[in-house]
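Colleague: Structure of the sequence below:
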Amino acid sequence: MSESRLLGLVASAEEHAIFIYTHRRMAITADDVSLEDIIPISLDFAVVEGKQQSDGRYEAGTPLITYKDNELELKLPFGSHSRLFLSEVNKAWSGRFFLMCSVYPPIKHLKGSIRKWRTCKHSNIFWKILGLCEMKQCHIIIDNITYETLLHEQHRASMVTPFRRSALLPGRSCNQQLYNASMDFLQSRPCEMFLSRSVLTLASLLPLPLVCASSREDRDDLVRSSSHTASNKAQILTMPQFGLRDNLIKCELLKNEDLYTYLESFSFFLGTYNVNGQTPKESLRPWLSCTLHPPDIYCVGFQELDLSKEAFFFNDTPKEQEWTKAVSEALHPDAKYALVKLVRLVGIMLIFYVKKEHAEFISDVEAENVGTGIMGRMGNKGAVSIRFRFHNSDICVVNSHLAAHIDEYERRNQDFKDICSRLQFRQLDITQPPLTIMKHNVVLWIGDLNYRISDLDVDSVKELISKKDFEALHSFDQLKRQIDEEAVFVGFEEGPINFQPTYKYDTGSDKWDTSEKCRVPAWCDRILWKGKNIKQQHYQSHMALKTSDHKPVSSLMVIGIKRVNSEAYKKTFEEIVRTIDKMENECIPSVTLSRREFYFKDVKFMQHHAETLRLFNDGQVPCQFEFIQKPNETTYCKPWLTANPPKGFIAQGGSVDIDLEVFVNRSTAPDLNCGKQQIEDILVLHLERGKDYFISVTGNYLPSCFGTSIQSLCQLREPIRDMPQSVLVTDLTVADTETAEKPLDIPKELWMMVDHLFRNAVKQEDIFQQPGLRSEFAEIRDCLDTGMPDSLPGSNHSVAEALLLFLDALPEPVVPFSFYPQCLECCSSASQCETVISLLPQCHKNVFNYLAAFLCELLKNSASNRLDVTILATIFASLLLRSPKKQVLAEKRKTQEFFQHFLATGSS
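Modeller: I've put the predicted structure just below:
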């Protein structure tokens, strides 16, 4: 007897089990899926990938699972998802086999009701749906359960954690005791779940000891206590769903969303405050409780939470807890709030609260951060972000701190673009590409954007402020000008500014900056938004707070949120399924490609190149495409190439543009520089239920000193672009000593950068701490690679960042990998550290000593450049002493201690 089943591989610590569920073909409601059995993966468990034939061979695609005297023959659908499921099962069994314990721990029965499970206080429980594999016309109705880990001990009492109830509920063939046992199994420890659809042959499956009869009343009670809400129904759309059919349904549901959703208004309080490294000294209620009615949601952002070196280098600060406590105590007193999420990058922090009655409608919460400081990594500047789904609307909140100083508006523009491109959220379906900021229904952007007032002196600015002529003053605002030029925040809105600039004040007062620098007042702190159905109720600063040299800003937004009408949703869903049933097997999908060959000319190190491939669906049915791996390759393309998006769905008669992007970085540059790799690849574009298309990608790479070894560069007396490719392909480090010229002591490119900084930047404020411009880096790279012009272009900050990128891109670091363990062992002894350096290859030793001497010169001017030994050791140790593996924090501290010995006063 063959029947369709849904299989779930459930992992809990080192224990695993397979859950077996029955389901109806037209599975729409919770009653359509039922838990039937549990098979523990113990030493009594085995799986053979294939049914044994008469000749002793095994038939592919029909694995046989045995447990004690029971056998299950699975007929899994062909494809990678079935193989992945079997792989996970085998991995689980292999891991279990090697456990010391030989007896599978018994699954205890849950004595309480399902309601007890739903309200349990085990905050560390989570289900993670790893993937689904469907067969034929089965519909996926598995909902997601996410329990957010408690962020802080002090919030345990007040936190309400958002979650979704599961659709895997007992029904016609489920029994109470088995279901309770499965819930206890899940509740007792963190679990992961991997699901697969299959046709199950019940060869000799005997009831396990847990199985017993249950009444219809018991089942009905369980279904009532955990059935889908209307909002839960919408969550189906976000679940991992493989196969063309499910994507067709998803696409049609999204297209017809207006048929089953309606708008309901909710209030969002947005606040931003640069606290200048201070601790809370006053109540935040004048800021956070300034509205008459309590907001439904709070999103509160801070910048410069902690300015200490410990926070900058190790991302650790006690001020996170202090300011979080101050915020929780200042929320509107007429409502109870739950802390949903907190995210922090050095001094940039974002806190997300929701009214407790709305908590159950918050889902898919993710937090990410991106640093835009020096080398695009340091977190003194950058952004933190939280995305979430509220009912059926996707919302993203960004809190950013952009580059400082009045003349650095281009750098601020670059920071904004970097944040938009690099800040990405993973999706529940791990096969789908990450979500970017702009892929949300609503984007709320807050923070110290640092745009200043230009072309007016300080007296003129203060005069306009005294007249409250903010409209005239706003015309000189850098952010307004950049938005008008569409350089940044395209599509965003900002409300009228009817309050005086929020920066810069003397701390503890309302007086403008009286320091020697006498900063020009500016609206550094801003709130913008993007999306439909958004109305701003207020936009204001809060002069009553005097802790910082900034004033906090707030905005109250009323946003139309999409809610789901469950009856309309069910009707729409059923109609879509009927339509798809009629056309599913009638036509083969096909597409027309705009091009099949792409050539990228003059590819350079860290320079983005992109070409567009357009796919047009000329078939009679919607189609699903994906770039797939070639045989014996782990990814669909070479590491310097990306297709964005790598997979997707095209409606009938529709088209999609795919960006083929080439970007050479420090990991791919070395092999391209020496000719071991070329800009050559073949992409395989696969259509689900259709054919494959082959796309040729070629190009030429211009060799660069970035990503070339120290020894090779010391052999080159001419610019690297002037050298024939044949010379670069040969190993320059083994040149004939009789005929070759004496190698340079250090690479000439390194000398040019250090010499430039020595002559122009030893007193430069924030050198090696403030990033340069990407456009200037490109000019510096070309100058080093071609020898033209004679002197380096760009600002001192851009040259300093180029030097760091040069060191970071070296295939073998200044201190070779083989010496790394010795450096860690002797880090506390200055004499032993010097001994290790003396043993380095000559050119590496020269570079190390040259850089150390230059940095010591910088330290002699620390009063001007604001550098100290700790800052320089932290920045340079990670570049000069790189670990061959991922560096842990303890190793990081040891490399800094090692390098500090060479920065001491009087060091050569």
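Colleague: Let me see the contact set for the closest residue to residue 646 other than its chain neighbours.
Modeller: Excluding the flanking residues, the one nearest residue 646 by C-beta to C-beta, 6 or more residues apart in numbering is residue 627, at 5.0 Å. All C-beta atoms are positioned from the backbone trio N, CA, C, and that covers glycine. Neighbour list for residue 627: 636, 637, 643, 646, 647, 683, 684, 685, 686 [criterion: C-beta atoms under 8 Å, 6 or more residues apart in numbering].
Colleague: What score does the second one have for pLDDT?
Modeller: What the model reports as pLDDT for residue 637 is 96.
Colleague: Then it would be within a helix, right?
Modeller: No. Using DSSP: H, G, I helix; E, B strand; the rest coil, the secondary structure at residue 637 is coil, not a helix.
Colleague: Does it touch residue 681 like I think?
Modeller: Yes. Counting by C-beta atoms under 8 Å, residue 637 touches residue 681, with 5.7 Å between them.
Colleague: any shared contact partners between these two?
Modeller: Here residue 637 and residue 681 share the contacting residues residue 697, scored by C-beta under 8 Å, 6+ apart.
Colleague: So which helix or strand of this structure has the lowest pLDDT on average?
Modeller: When each helix and strand of the chain is scored by mean pLDDT, DSSP states H and E, helix 114-118 comes last, with a mean of 31.
Colleague: Let me see the domain layout of this protein.
Modeller: Taking the TED database as the domain assignment, the ranges for the chain are 261-564, 591-701, 703-809, 812-907.
Colleague: ranking those by mean pLDDT, which is last?
Modeller: For those, where the average pLDDT is lowest is domain 703-809, sitting at a mean of 87.
Colleague: hang on, the earlier thing: pretty sure the residue nearest to residue 646 sits in a strand.
Modeller: Yes. Applying three-state DSSP, one finds residue 627 inside a strand.
Colleague: Can you classify residue 19 as helix, strand or coil?
Modeller: What three-state DSSP gives for residue 19 is strand.
Colleague: got the contact list for stretch 472-492?
Modeller: For stretch 472-492, contacts defined as C-beta under 8 Å, 6+ apart pick out 409, 412-413, 416-417, 443, 445, 449, 451-456, 461, 464-465, 494, 497, 501, 522-523, 526, 528-530.
Colleague: Please disregard the earlier target; I meant stretch 529-545.
Modeller: Contacts for stretch 529-545 (C-beta under 8 Å, 6+ apart): 263, 267, 273, 282, 284, 286-287, 290-291, 438, 440-445, 491-500, 502, 510, 525, 527, 551-560.
Colleague: Could you list which of the residues you listed belong to helices?
Modeller: Among the contacts of stretch 529-545, DSSP state H puts 286, 287 in helices.
Colleague: in the stretch 601-750 of the chain, which spans are strands?
Modeller: Assigned by DSSP state E, counting those that start in this stretch, the stretch 601-750 of the chain shows strands spanning 609-617, 623-628, 641-644, 647-650, 655-662, 680-687, 692-701.
Colleague: Among the ones you listed, which comes closest to residue 383?
Modeller: Nearest to residue 383 among the strands of the stretch 601-750 of the chain is strand 641-644 (20.9 Å), distances taken as C-beta to C-beta.
Colleague: buried stuff in the closest one?
Modeller: Buried residues in strand 641-644, counted by 16 or more other C-beta atoms under 10 Å: 641, 642, 643.
Colleague: Quick check: the nearest residue to residue 394 once chain neighbours are set aside vs residue 388, distance?
Modeller: Nearest residue to residue 394 in three dimensions, chain neighbours excluded: residue 440, at 4.5 Å (C-beta to C-beta, 6+ apart). Residue 440 sits 10 Å away from residue 388, going by C-beta to C-beta, to the nearest Å.
Colleague: again, but for residue 493
Modeller: 21 Å.
Colleague: List the buried residues in stretch 444-463.
Modeller: Buried residues in stretch 444-463, defined by neighbour count with 16+ other C-beta under 10 Å: 444-453, 456, 461-462.
Colleague: Including distance to residue 329, could these go into a markdown table?
Modeller: Converted to a markdown table, the buried residues of stretch 444-463 look like this (distance: C-beta to C-beta, whole Å):
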| residue | distance to residue 329 |
| --- | --- |
| 444 | 24 |
| 445 | 26 |
| 446 | 21 |
| 447 | 23 |
| 448 | 23 |
| 449 | 28 |
| 450 | 29 |
| 451 | 32 |
| 452 | 34 |
| 453 | 35 |
| 456 | 40 |
| 461 | 36 |
| 462 | 35 |
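Colleague: was I right about residue 37 contacting residue 17?
Modeller: No. With contact defined as C-beta under 8 Å, residue 37 does not reach residue 17; the gap is 10.0 Å.
Colleague: what's the distance between residue 807 and residue 756?
Modeller: In terms of C-beta to C-beta, residue 807 sits 15 Å off from residue 756.
Colleague: Compare these two and say which one has the larger neighbour count.
Modeller: Between residue 807 and residue 756, residue 807 has the larger neighbour count (other C-beta atoms under 10 Å), namely 23 against 20.
Colleague: Is that one in contact with residue 879, as I believe?
Modeller: Yes. The pair residue 807 / residue 879 is scored as a contact, 4.2 Å apart, by C-beta under 8 Å.
Colleague: Overlap of the contact sets of these two?
Modeller: 813, 814.
Colleague: picking up where we left off before, just the ones of the contacts of stretch 529-545 in strands?
Modeller: 263, 267, 273, 442-445, 525, 527, 553-560 (DSSP state E).
Colleague: in the stretch 101-250 of the chain, what spans have low per-residue confidence?
Modeller: Scanning the stretch 101-250 of the chain for pLDDT under 70 picks out 101-244.
Colleague: Repeat the analysis, applying 50 as the threshold.
Modeller: 101-242 (pLDDT under 50).
Colleague: Just the buried ones from the contacts of stretch 529-545?
Modeller: 267, 273, 284, 287, 290, 440-445, 494-495, 497, 499-500, 502, 525, 527, 551-557, 559-560.
Colleague: ok, now how distant is residue 664 from residue 247?
Modeller: Distance, residue 664 to residue 247, by C-beta to C-beta: 34 Å.
Colleague: Show me which of those two is the more surrounded one.
Modeller: residue 664 (28 against 18).
Colleague: show me the contacts for that one.
Modeller: Counted by C-beta under 8 Å, 6+ apart, residue 664 has contacts 603, 604, 605, 606, 607, 640, 672, 701, 707.
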